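*Asks:* sequence? don't have it. structure:
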């Protein structure tokens, strides 16, 4: 939806989450600078993906301005609406903001229904070529599926939880 590229500074809210880890890498592959929101404990993981980490919460706009005094040109909110609203406050036009977890008047949500044809094949190709990393937080045998679900439910997992069948 936002089509990041060289010259863009993209703010990604929820950058360390299950979708965020891919959004960060894809924006970086497109040549954009990425500022990613997350918890303080996710900073190293975000840096490893190519994002400049910033903590979410009160004061986000000021922290982003300090990191990018020249401004932000696009934003993705992958958690709620706080990042999208911060992007508006930073002067990002609505057509360069997207969300996946909230409905905000004037902002087009991103979802599978409006994905570009062939997008999943392109992503699979990037993974196969080693250009897109799939972070794995933990692997469980199917007999331990309850443990896997409990880990994932904690919502602060840095990577995918894999169940071996």
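*Replies:* Structure's in. What do you need? Only a predicted model underlies this, so the values are computations on that prediction, with no experimental measurement involved. Numbers count the residues shown, from 1 in each chain.
*Asks:* do you know how far residue 86 is from residue 142?
*Replies:* Using CB to CB, to the nearest Å, residue 86 is found at 41 Å from residue 142. To be clear about C-beta, it is placed using only N, CA and C from the backbone, and glycine gets the same treatment.
*Asks:* Can you pull the phi/psi pair for residue 119?
*Replies:* Here is the backbone geometry of residue 119 (degrees, to the nearest 10): phi -60, psi -40.
*Asks:* Could you pull up the residues touching it?
*Replies:* Shown in contact with residue 119 (CB atoms under 8 Å, 6 or more residues apart in numbering): no residues.
*Asks:* Between residue 86 and residue 142, point out the one with more neighbours.
*Replies:* residue 86 (25 against 9; other CB atoms under 10 Å).
*Asks:* The strand or helix carrying the more buried one - what's its average pLDDT?
*Replies:* Taking DSSP states H and E as the definition, residue 86 sits inside helix 82-89. Helix 82-89 carries an average pLDDT of 97.
*Asks:* try stretch 94-102
*Replies:* Averaging pLDDT along stretch 94-102 gives 94.
*Asks:* Run the chain-centre distance for that stretch.
*Replies:* Relative to the chain's own centre, stretch 94-102 is displaced by 12 Å; criterion: CA atoms, centre = their mean, to the nearest Å.
*Asks:* From the contact counts, what lies against the lowest-mean-pLDDT helix or strand in the chain?
*Replies:* Comparing helices and strands within the chain by mean pLDDT, DSSP states H and E singles out strand 108-109 as the least confident, with a mean of 89. Packing contacts for strand 108-109, counted by 3 or more CB pairs under 8 Å, 6 or more residues apart in numbering; DSSP states H and E, involve strand 97-99.
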